[in-house]
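Visitor: task: produce atomic coordinates for the following.
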Amino acid sequence: MEDRAPPASGTQPSRRRFASPAAVGLGLLTLILAWLWYDSRGQMSDLREEIVRRVRDSETDSRDARFGARQAQEAMRDTQAKLALLEQKLAESQNHQGALEALYQDLSRSRDEWVLAEIEQILTIASQQLQLAGNVQAALAALQMADARLARSDRPQFVPLRKVFARDMERMKTAPHLDISGFAAKLDQTIASVDSLPLAQDARPEAAAVTAREPEGFWRRLGAELLAELTQLVRIQKVGGADPALLSPPQEFFLRENLKLRLLNARLSLLGRDEAAYRNDLRLAASWLERYFDTRSKAVAAVAGTLKQLGSGGAGVSLPTIGESLAAVRGYKASRERAGR
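Guide: Residues are numbered from 1 along each chain as shown. Predicted structure coming up:
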């Protein structure tokens, strides 16, 4: 291999004014890398700041979340306490409501029992009045009062009772009228007047009519007047009938008392609806009155007329009763008592 001789001094080539492309590329690469490093450093700084900010925000959010969680827990505890209190109050309210319902049922039952007891008492008194005095109007008024009392209660369980009351009221309205109380009052007046009635033995005979003409002359007139006075001292009157009408004071007392007892028996027979006994007592009382008392007296004649009037009235008229209504009320009360047990 042939060696080239270095050029002589004075003949060296001149230096190039521009660097080679490799050096330029390296420089550019270095600049790019430096710029990338600087940029990445800024981005890293920004990223670091962003991360720090986000961590700080996250810590704040976490702290807020923990605070919110504590508040939520406290609110939940308060809510649970309030819920427990509400449940307790609800249970107490339910207990109170049950007690009130039981009390209302007791009060309603007591009120119904009181109403039924009142109606039973009203109907019992009316039934007694109807049996003893034949007072149909009082029985009708009692039934109407009982029906109105049930109507004010406005309870469907009382509908069967009201139907029974309606049937009895219809029978009362169509019943014949009999003034038992008026007959009894007349008998009471007659009994009170027995002691003042004059007896037949106490009656004076009627004076005989003078048909002779008046005598002439003083002495004859004087003698006639003396004879008339002497004839008035003693009078003889024929008493009709087989038995004597003369009674001693004890017999007179017992006669009046027996007549009172006979009239009292007639009154009891009237109230007891015994037609035969009532008419028999009045007939015997009228016969005693005609036999032993002065029938010419106005008082005796008035009593005799009263006895005749009372004897013509009917005491044995069949009157309806309210036994069906009374039995219905008592049966309903008994069924309620059995159901209450």
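Visitor: CA only for contacts and neighbour counts going forward, please
Guide: Will do.
Visitor: run a quick neighbour tally on R336.
Guide: Close neighbours of R336, defined as other Cα atoms under 10 Å, add up to 14.
Visitor: so which helix or strand takes in it?
Guide: If you go by DSSP states H and E, R336 is part of helix 323-340.
Visitor: helices or strands up against that helix?
Guide: Other helices and strands packing on helix 323-340, by 3 or more Cα pairs under 8 Å, 6 or more residues apart in numbering; DSSP states H and E, are helix 21-133, helix 159-173.
Visitor: mind telling me which of the ones you listed the model trusts least?
Guide: For these, mean pLDDT drops lowest on helix 21-133, to a mean of 79.
Visitor: quick one: the helices in the stretch 151-300 of the chain?
Guide: Taking DSSP state H, counting those that start in this stretch, the helices of the stretch 151-300 of the chain run over residues 159-173, 180-192, 218-233, 249-271, 275-292, 298-312.
Visitor: can I get those helices in JSON lines including distance to M44 and mean neighbour count?
Guide: Below are the helices of the stretch 151-300 of the chain laid out as JSON lines (distance: least, Cα to Cα, whole Å; neighbours: other Cα atoms under 10 Å):
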{"stretch": "helix 159-173", "distance to M44": "99", "mean neighbour count": "17"}
{"stretch": "helix 180-192", "distance to M44": "129", "mean neighbour count": "16"}
{"stretch": "helix 218-233", "distance to M44": "176", "mean neighbour count": "11"}
{"stretch": "helix 249-271", "distance to M44": "130", "mean neighbour count": "17"}
{"stretch": "helix 275-292", "distance to M44": "136", "mean neighbour count": "18"}
{"stretch": "helix 298-312", "distance to M44": "140", "mean neighbour count": "17"}
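Visitor: those: which one's closest to G323?
Guide: With Cα to Cα as the criterion, G323 lies closest to helix 159-173 of the helices of the stretch 151-300 of the chain, at 8.8 Å.
Visitor: contacts for the closest one?
Guide: For helix 159-173, the external contacting residues (Cα atoms under 8 Å, 6 or more residues apart in numbering) are 136-137, 139-140, 143-144, 147, 150, 320-322, 324-325, 328-329.
Visitor: show me which of those is closest to A72.
Guide: Out of the contacts of helix 159-173, the member with the shortest distance to A72 (by Cα to Cα) is L150, at 62.0 Å.
Visitor: was I right to think that closest one contacts F158?
Guide: Yes. If you go by Cα atoms under 8 Å, L150 and F158 touch, sitting 6.6 Å apart.
Visitor: more neighbours: these two, which one.
Guide: The residue with more neighbours, out of L150 and F158, is L150; 21 against 17, by other Cα under 10 Å.
Visitor: and that one, what element?
Guide: Per DSSP H and E: helix 136-153 holds L150.
Visitor: and that helix, what does it pack onto?
Guide: Right, helix 136-153 is packed against helix 21-133, helix 159-173 by 3+ Cα pairs under 8 Å, 6+ apart.
Visitor: comparing those, which comes out most buried?
Guide: Most buried of those by mean neighbour count (mean count of other Cα atoms under 10 Å) is helix 159-173; its value is a mean of 17.
Visitor: and that one with helix 136-153, angle?
Guide: Relative orientation of helix 159-173 versus helix 136-153 (axes from the mean of the first three to the mean of the last three Cα atoms, to 10 degrees): 160 degrees.
Visitor: can you show me the CA trace of helix 159-173 as CSV?
Guide: Taking C-alpha atoms only, helix 159-173 is exported to CSV below (Å, rounded to 0.1, in the frame of the first residue of the first chain):
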residue,chain,number,x,y,z
VAL,A,159,-136.1,-4.1,65.3
PRO,A,160,-137.7,-7.4,66.4
LEU,A,161,-138.8,-5.9,69.7
ARG,A,162,-140.3,-2.9,67.9
LYS,A,163,-142.3,-5.3,65.6
VAL,A,164,-143.7,-7.1,68.7
PHE,A,165,-144.6,-3.7,70.1
ALA,A,166,-146.4,-2.7,66.9
ARG,A,167,-148.6,-5.8,67.0
ASP,A,168,-149.6,-5.1,70.6
MET,A,169,-150.3,-1.5,69.9
GLU,A,170,-152.6,-2.5,67.0
ARG,A,171,-154.5,-4.8,69.4
MET,A,172,-154.8,-2.0,72.0
LYS,A,173,-156.2,0.4,69.4
